[in-house]
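Asker: just a sequence and a predicted model for now, questions to come.
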Amino acid sequence: MISNLKNHTIVCGATLLGKAVIERLLRTDADVVLVEEYEAELARMCKRYPRLLTVEGSATNEVLLAQANLLKADHVVAALDDELSNLLVAITCKDIGRNVKVFARSTDATVANRMRKAMVDEVISPCHIAGGQIADMIIA
């Protein structure tokens, strides 16, 4: 089934960020493939989201990203908890799937800068985004 997908989103990691992205995308009937290394977490996600497609294993493995059909994906979300793993996922995706748009999570400014040098399309810092929203609510 995954091999027939086009224009889908690959989410790397069933973290809080990854789950939020998956939930929102599935509500819009988008095709989503989750790459997650923990079998128990995959089972929970499949039970909660029956339409979710999955690949078991580390998202840093380029073979598994290929199994998620990276070449035909529109977007990849590197949502792993480990900053350097997100950087590796982003570099791999940009190297293999040149047209894919990559969103990568980072809270470390040094790693975020390296992600930008690696041509990551969007570096996401959840704390920075939430902090800005809180400040906007206080100002308003």
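Answerer: That came in fine, so what should we check first?
Asker: next one: stretch 48-61 to chain centre, how far?
Answerer: Relative to the mean C-alpha coordinate of its chain, stretch 48-61 is positioned 11 Å out (Cα atoms, centre = their mean, to the nearest Å).
Asker: how about stretch 1-19?
Answerer: Distance, centroid of stretch 1-19 to centroid of chain: 7 Å (Cα atoms, centre = their mean).
Asker: and that stretch, what's buried?
Answerer: Leu5, His8, Thr9, Ile10, Val11, Cys12, Gly13, Ala14, Thr15, Leu17, Gly18, Lys19 (16 or more other Cβ atoms under 10 Å). Every residue, glycine included, has its C-beta placed from N, CA and C.
Asker: and stretch 44-61, by the same measure?
Answerer: In stretch 44-61, counting by 16+ other Cβ under 10 Å, buried: Met45, Tyr49, Leu52, Leu53, Thr54, Val55, Gly57, Ser58, Ala59, Thr60, Asn61.
Asker: ok, stretch 21-36 next?
Answerer: Quick answer for stretch 21-36 (16+ other Cβ under 10 Å): Val21, Ile22, Leu25, Leu26, Asp31, Val32, Val33, Leu34, Val35, Glu36.
Asker: which single one of these is nearest to Arg105?
Answerer: Val21 (10.0 Å; Cβ to Cβ).
Asker: next one: the closest one from Asp136, what distance?
Answerer: 22 Å (Cβ to Cβ, to the nearest Å).
Asker: which SS state does the spatially most central residue of the chain fall under?
Answerer: Per Cα atoms, centre = their mean, the C-alpha nearest to the average position across the chain is that of Val77, at 2.0 Å. The three-state label for Val77, taken from DSSP: H, G, I helix; E, B strand; the rest coil, comes out as strand.
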